[in-house]
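In: Could you look at this predicted model? Sequence included:
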Amino acid sequence: MAKVRDRTEDFKDAARRAALNLGYNESKTAAIMASFIMHKSLERSPFSKAALTTLDSIRTLEQFLMKHKKDYVDLHRTTEQERDSIEHEVTVFIKACKDQIDVLKNSINDEEANSKGWLGIRSNNLNADTIAHKHGVVLILSEKLHSVTSQFDQLRALRFQDAINRVAPRRKVKQKSTTTDVAESSTSGNVQSSNVNNLEVRQAEDVQAEPVRFQQQLLDDETRTLQVELASMLDAVQETETKMVEMSALNHLMSTHVLQQAQQIEYLYEQAVEATKNVELGNKELSQAIQRNSSSRTFLLLFLFVLTFSVLFLDWYN
């Protein structure tokens with residue numbers, strides 16, 4: 001196998017001789033030779049700058065989530081208002097990142113539309129490769145944002161699950177305490193009624209205290225009835241609270257899926273519009289091809305007719 005020879009010095013000597021032959025002075029020649037060592041950094045395009053800005057925003061969002069993850073999940077570190085504030089900031093941040101990605105997509109679509117020729121065919125393969133590269137950049141940014149959004153959805157699901165778990169034991173404890181209170185009140189009522197009976201046996205002569213005991217018994221009955229009604233109302237309220245928390249979690253999941261479906265529908269609509277334009281251009285091209293075919297057929301028949309008469313005329317002339 002032949003050895004590879006380094007021709008860098010030969011190239012520099014050739015460049016120096018060419019500069020001297022062109023009449024360059026020493027300073028300009030030295031600048032040219034220095035450019036071989038220290039290359040100038042290429043200036044980034046506006047699309048690259050916007051893509052890097054979007055990537056920095058997504059990374060900042062991910063760092064914000066990692067920083068406030070424990071504060072958002074742990075119930076003893078922050079209050080409900082602070083967790084709502086964190087959730088609002090993350091939602092605003094996600095919306096801003098999605099808007100930036102949409103701006104990048106629109107710029108790619110505009111560039112792709114401008115690069116197409118009269119028949120919808122790209123005139124430059126290099127431009128097509130650049131557009132494909134930009135589509136890949138946007139896809140990577142979308143996947144990165146979707147990953148961060150999925151992490152936030154998991155944290156929110158944990159918060160909703162903790163809220164449901166807090167409501168369920170409290171409901172059971174209150175049910176037991178209510179049942180115990182009702183049982184104790186009924187027992188005390190029975191004991192009191194037995195005491196009243198004993199007092200009635202012992203103090204049969206006391207006729208004036210009978211209306212008071214009767215009113216007390218009515219009040220005890222009404223109190224027990226109110227306790228039972230309040231217990232049932234408390235159960236209904238706690239059940240409604242649990243269902244509201246579950247509905248809130250389901251609503252968030254549905255909104256996320258609806259947003260994804262809306263983006264997919266918008267993409268399909270754009271593809272359908274582009275396909276319709278391509279079909280229209282194809283129809284125009286077909287009609288023009290039919291016209292060219294008919295005109296070429298007429299020209300061919302006319303040419304054969306003239307050629308035939310020319311041959312006959314030459315034969316008659318000879």
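Out: Yes, it's here. Numbers count the residues shown, from 1 in each chain.
In: Could you check which helix or strand contains Thr298?
Out: Assigned by DSSP states H and E, Thr298 belongs to helix 210-317.
In: and that helix, what's its mean pLDDT?
Out: For helix 210-317, mean pLDDT is 81.
In: Check which helices and strands that helix is in contact with.
Out: helix 125-202 (3 or more Cβ pairs under 8 Å, 6 or more residues apart in numbering; DSSP states H and E). From N, CA and C alone the C-beta is placed, and that goes for glycine too.
In: what's the average pLDDT for the helix it packs on?
Out: 68.
In: Next one: the most centrally placed residue in the chain relative to Asn283, how far apart?
Out: The centroid of the chain falls nearest to His146 when counting by Cα atoms, centre = their mean (5.5 Å). Here the criterion is Cβ to Cβ, to the nearest Å. By it, His146 lies 39 Å from Asn283.
In: for Ile86, same thing?
Out: Distance of Ile86 to Asn283, given as Cβ to Cβ: 56 Å.
In: ditto for Phe313
Out: Distance from Phe313 to Asn283, by Cβ to Cβ: 45 Å.
In: more crowded one of Ile86 and Asn283?
Out: For Ile86 versus Asn283, neighbours defined as other Cβ atoms under 10 Å are more numerous around Ile86 (20 against 10).
In: ok so that one is a helix residue?
Out: Yes: with DSSP: H, G, I helix; E, B strand; the rest coil as the criterion, Ile86 is part of a helix.
In: for it, what are its contacts?
Out: Contacts for Ile86 (Cβ atoms under 8 Å, 6 or more residues apart in numbering) come out as His68, Asp71, Tyr72, Thr78.
In: Can you list the helices and strands that whatever helix or strand Asp56 lives in packs against?
Out: According to DSSP H and E, Asp56 maps onto helix 46-67. In terms of contacts (3+ Cβ pairs under 8 Å, 6+ apart), helix 46-67 is packed against helix 80-115, helix 125-202.
In: From Glu87, how far out is the closest residue to Leu253 other than its chain neighbours?
Out: Setting aside the residues directly before and after it, Leu253 is nearest to Asp153 in space (Cβ to Cβ, 6 or more residues apart in numbering), at 7.6 Å. Taking Cβ to Cβ as the measure, Asp153 falls 11 Å from Glu87.
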